[in-house]
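J.: everything below, folded, please.
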Amino acid sequence: MRLAMTDRSNKEEVAQNPLLRLMLYAKEVYRLPQAYRAIRVLSGTAWLTINDEDIFLGRDEQVLVPTTKAGAIISALGNTPLIFEARSGCTR
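T.: Next up, the predicted model:
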């Protein structure tokens, strides 16, 4: 597995960029920065792990992310690339 990296992990940058849009391919994993509170899938299928609970989301589905020490882990399921948005502080 590869870890998708972003340089938007600190709170200052998140405050300046309240919307994060990413694409993950099969076998890529991303740890969502804790400041992001809502995830919405634009394309593909997402596998999220939050507080040791697995959540599966399809296109146009969304979830609010609770505050956790570990944060949320997100990865793509299947052959279709996962495209998702993460929003800080509020939902759309």
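J.: show me where this structure has its strands.
T.: When assigned using DSSP state E, the strands of the chain occupy the ranges 2-3, 19-24, 28-32, 36-43, 45-50, 53-57, 62-64, 72-77, 82-88.
J.: can I get those strands in TSV with mean neighbour count and mean pLDDT?
T.: No exception for glycine: its C-beta is placed from N, CA and C like everyone else's. Converted to TSV, these look like this (neighbours: other C-beta atoms under 10 Å; pLDDT from 0 to 100):
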stretch	mean neighbour count	mean pLDDT
strand 2-3	10	42
strand 19-24	16	94
strand 28-32	18	94
strand 36-43	19	94
strand 45-50	19	95
strand 53-57	13	95
strand 62-64	15	93
strand 72-77	20	94
strand 82-88	20	94
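J.: tell me what the closest residue to Ser43 other than its chain neighbours is bridged to.
T.: Leaving aside its chain neighbours, Ser43 sits nearest to Ile83 (4.2 Å; criterion: C-beta to C-beta, 6 or more residues apart in numbering). Note on Ile83: beta-bridge partners by DSSP bridges are Met23, Ser43.
J.: can you start the count at 11 instead of 1 from here on
T.: Sure thing, new numbering starts at 11, so read that last one as Ile93.
J.: Ile93 and Thr78, how far apart?
T.: Separation of Ile93 from Thr78 (C-beta to C-beta, to the nearest Å): 24 Å.
J.: repeat for Arg47
T.: In this view, Arg47 and Thr78 are 11 Å apart by C-beta to C-beta.
J.: what do you get for Arg50?
T.: Applying C-beta to C-beta, the value for Arg50 to Thr78 is 19 Å.
J.: Val51 contacts Ile65, correct?
T.: No: at 10.8 Å, Val51 does not count as touching Ile65 under the criterion of C-beta atoms under 8 Å.
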